[in-house]
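Q: take a look and give me a structure for this.
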Amino acid sequence: MFKPLAFCDLQRLADHSAAITQPCPCIAKSFAGWEGMPVSLKESQLREIGSLIAAEEEDLTLDEYHSAGTSYWSNDAPIAPQFFPYNRCRVCECISCSRVFLRYAEAGAYHIEQRIRSLDPRLMADVAFTGIGRA
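A: Okay, the predicted model is just below:
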């Protein structure tokens, strides 16, 4: 189990990942927004290098952060580590090229789907979750 990454460390990983230009099978899809884990991307191609999970699952918020009217599915939705779904993410890198991705398991009513998103430094949002307005 990894200790949760500080925002500055996550930003550093995002900057590093964005600078990688070599072709790699891990980017057969863009993963700009959340996607289901494709069968073309093998589990063995990614290794976990960190976590954004800072609490027990029942203590994590389901509130999302969308400062500019984006939604969960938007390619330009902010990456705000203290908000859902980022607060449930593992940070993984491709073993071939070192690109970095966020991953979590979405638990639906009848299934669990692994989801993946590229770590884009332009979308990083260091915003604290305060819980204001929650019931």
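
Q: could you pull up phi and psi at R122?
A: When read as degrees, to the nearest 10, the backbone of R122 gives phi -70, psi -20.

Q: tally of neighbours for the closest residue to it other than its chain neighbours?
A: Of all residues not flanking R122 in the chain, A18 sits nearest, at 7.9 Å (C-beta to C-beta, 6 or more residues apart in numbering). In short, each C-beta sits where N, CA and C put it, glycine included. For A18, the neighbour count with other C-beta atoms under 10 Å is 15.

Q: hang on, A18 packs against S98?
A: No: contact between A18 and S98 fails when scored by C-beta atoms under 8 Å: they sit 11.5 Å apart.

Q: contacts only, for the nearest residue to P78 once chain neighbours are set aside.
A: Excluding its sequence neighbours, the residue lying closest to P78 (C-beta to C-beta, 6+ apart) is A125, at 3.9 Å. When contacts are counted by C-beta atoms under 8 Å, 6 or more residues apart in numbering, A125 is found next to 65, 67, 78-80.

Q: give me the pLDDT value at A125.
A: At A125, the pLDDT value in this model is 97.

Q: repeat that for the one 3 residues further on.
A: The score at A128 is 90. That number is its pLDDT.

Q: again, but for G133
A: Confidence score, pLDDT, at G133: 42.

Q: and the helix or strand R103 falls within, which strands flank it?
A: Using DSSP states H and E, R103 maps to strand 100-107. Paired with strand 100-107 in the same sheet, following DSSP bridges, are strand 90-94 (antiparallel), strand 112-118 (antiparallel).

Q: relative to strand 90-94, how tilted is the helix or strand harbouring E48?
A: Assessed by DSSP H and E, E48 sits inside strand 46-51. Here strand 46-51 points in a direction 140 degrees away from that of strand 90-94 (axes from the mean of the first three to the mean of the last three C-alpha atoms, to 10 degrees).
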